[in-house]
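In: The following comprises the amino acid sequence and a computationally predicted model.
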Amino acid sequence: MFNALNANGRAVSSLDSATLPPYYCPECGHEVHLRNKSNARPHFVHSRRADCRLLYGESGEHIQGKTMLASWLKDQDLSPVIEQQLPEEGRRADVFVQWAERQVALEIQRSAIDSPQLLTRSRTYKEKEILSLWFFAPKLVQRKNAGRWFWNEAVWSSLFSGYFNAAPVLIPSSGEVLIVQPFFETSPKRIVARSLRLPLAAIKLDYFFAPMNLSFSCIDEILAHKNKWRFSSYQFTGCVQYWEALEIYTRNFSHISLYPADLGWPTPYCCVFRGPPLVWQTLLFYRIIHQRNVSLKDILNSVQKDPLLTPLIRPGLRTEAYLHQAVWHFLQWLKWRKTVYFHHGHWHMKKDLSFGTSAEKGWSQDRSLVRIFTAYIKKLEAEKRFIGTTGNSSIQ
């Protein structure tokens, strides 16, 4: 272990050459001593056998990752502490640092933790007003062919459990970090995201706590997705919400695939909702917005009570904030498309809906809408309303 307590009960680091014995284990209280060999990093070890969970060693990759993060923070003139004991938390932070008058806990997750456990840990930090930042091990990210990856579920849960809207993967062997941010789902099992791979030394800690304003380049994949949806809806036969949305269209207007222009386009924060945009946007549009004369607050309340939409909302610490952004951005898209307008604090329908006469015409409409959609995304980025990352990676 890299952190111990001195005789006064204060935390000392094995990486600090000025530390003096005696040292005590922060977990069990038994005496430990500093081991400093040329072939290993300085660390504390127990002086005698004791019933302490810290006796069980950790992998070299985990140690390497913590050391890398500590050195990265030191280069920013910060004072990180490795394995900081947090008595009020009942746990230790892999790396702990005081930054910008805030406390930050950096965690390296190597095992396949489940989503509820990760969210519980993050909530504990938040209750103590501690910022949490999760870095994931490369083994939780499996690279497949054609630019696709398979991710542990908790990796995506981290997007809604902390303060960074992307999943950082720490690669100790190369000193790099892979940052991936989802953009929209093409099916219940497939997500299109943007990725950025860069040296850890090239960024600072505030990078993970500030909005990013980077480019977008997934138009071709969006078009391909909408084309598949229109002509191959059988792939969503297991999606209950799809059939409910189809019923709404059929009962009130026409087949869901014949009106593609306004619905089904991904908007910022749309990954707050599970499933393809066409599903949740259809439900949102016809269950709430079509009621006319409703405020954003009314819409959000309705979404959280809707029996179909509620199961599509991803759980997490920042669900309410993200949900507000997701719905707001979708309304802005409809406003940009001149479908709704905002007046005296309420949203109203601006025109009667018109539908395509065939799936082929819908496909043609989508292709002609690319320029409008691209301009809309650039407008949001120019106004710094959109948080995203660069690249074009298919995440599965």
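Out: That came through fine.
In: didn't Asp262 look like it was pressed against Thr339?
Out: Yes - at 5.2 Å, Asp262 counts as touching Thr339 under the criterion of Cβ atoms under 8 Å. For glycine as for every other residue, the C-beta is placed from the backbone atoms N, C-alpha and C.
In: ok, Leu73 to Ser13 distance?
Out: As judged by Cβ to Cβ, to the nearest Å, Leu73 and Ser13 stand 12 Å apart.
In: do Ile299 as well
Out: 50 Å.
In: now Leu118
Out: From Leu118 over to Ser13 the distance is 27 Å, taken as Cβ to Cβ.
In: Tell me which of those two has more neighbours.
Out: Leu118 (24 against 20; other Cβ atoms under 10 Å).
In: I'd like the mean pLDDT over the lengthiest strand in the chain, please.
Out: As assigned by DSSP state E, the longest strand anywhere in the chain is strand 176-187. Taken as a whole, strand 176-187 carries a mean pLDDT of 77.
In: again, but for stretch 331-343
Out: Averaging pLDDT along stretch 331-343 yields 85.
In: With only the CA atoms kept, save it in PDB.
Out: Taking Å, rounded to 0.1, in the frame of the first residue of the first chain, the C-alpha atoms of stretch 331-343 are listed here in PDB:
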ATOM      1  CA  LEU A 331     -37.600  20.700 -28.200                       C
ATOM      2  CA  GLN A 332     -35.000  22.900 -29.600                       C
ATOM      3  CA  TRP A 333     -34.600  20.500 -32.600                       C
ATOM      4  CA  LEU A 334     -38.400  20.600 -33.200                       C
ATOM      5  CA  LYS A 335     -38.300  24.400 -32.900                       C
ATOM      6  CA  TRP A 336     -35.400  24.500 -35.400                       C
ATOM      7  CA  ARG A 337     -37.500  22.300 -37.700                       C
ATOM      8  CA  LYS A 338     -40.400  24.700 -37.300                       C
ATOM      9  CA  THR A 339     -42.700  22.100 -35.800                       C
ATOM     10  CA  VAL A 340     -43.200  23.800 -32.400                       C
ATOM     11  CA  TYR A 341     -42.700  27.200 -31.000                       C
ATOM     12  CA  PHE A 342     -42.200  28.700 -27.500                       C
ATOM     13  CA  HIS A 343     -44.600  31.500 -26.400                       C
END
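In: in it, what's buried?
Out: For stretch 331-343, a neighbour-count test (16 or more other Cβ atoms under 10 Å) marks Leu331, Gln332, Trp333, Leu334, Trp336, Arg337, Thr339, Val340 as buried.
In: and those as CSV, adding secondary structure and distance to Val370?
Out: As requested, the buried residues of stretch 331-343 are arranged in CSV below (DSSP: H, G, I helix; E, B strand; the rest coil; distance: Cβ to Cβ, whole Å):
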residue, secondary structure, distance to Val370
Leu331, helix, 21
Gln332, helix, 18
Trp333, helix, 14
Leu334, helix, 18
Trp336, helix, 14
Arg337, coil, 13
Thr339, coil, 18
Val340, strand, 22
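In: Check these against Ile222 and report the nearest one.
Out: Nearest to Ile222 out of those is Trp333 (Cβ to Cβ; 13.0 Å).
In: Quick check: that closest one vs Ile377, distance?
Out: 10 Å.
In: same thing with Val155?
Out: Remark: distance between Val155 and Ile377 (Cβ to Cβ) = 25 Å.
In: cool, Leu309 as well?
Out: For Leu309, the distance to Ile377 - Cβ to Cβ - is 24 Å.
In: Please work out how many residues are found near Glu360.
Out: Neighbour tally, Glu360, other Cβ under 10 Å: 11.
In: surely Leu196 meets Ile179?
Out: Yes - shown here, Leu196 and Ile179 form a contact pair, counting by Cβ under 8 Å, at 4.7 Å.
In: higher neighbour count, those two?
Out: Using other Cβ under 10 Å as the criterion, Leu196 and Ile179 rank with Ile179 on top: 22 against 19.
In: Mind listing the residues bridging to that one?
Out: Counting by DSSP bridges, Ile179 is bridged to Pro168, Leu196.
In: Name the SS class of Trp265, please.
Out: Here Trp265 is recorded as coil under DSSP: H, G, I helix; E, B strand; the rest coil.
In: That one against Gln332, yeah?
Out: No - judged on Cβ under 8 Å, Trp265 makes no contact with Gln332 at a distance of 11.9 Å.
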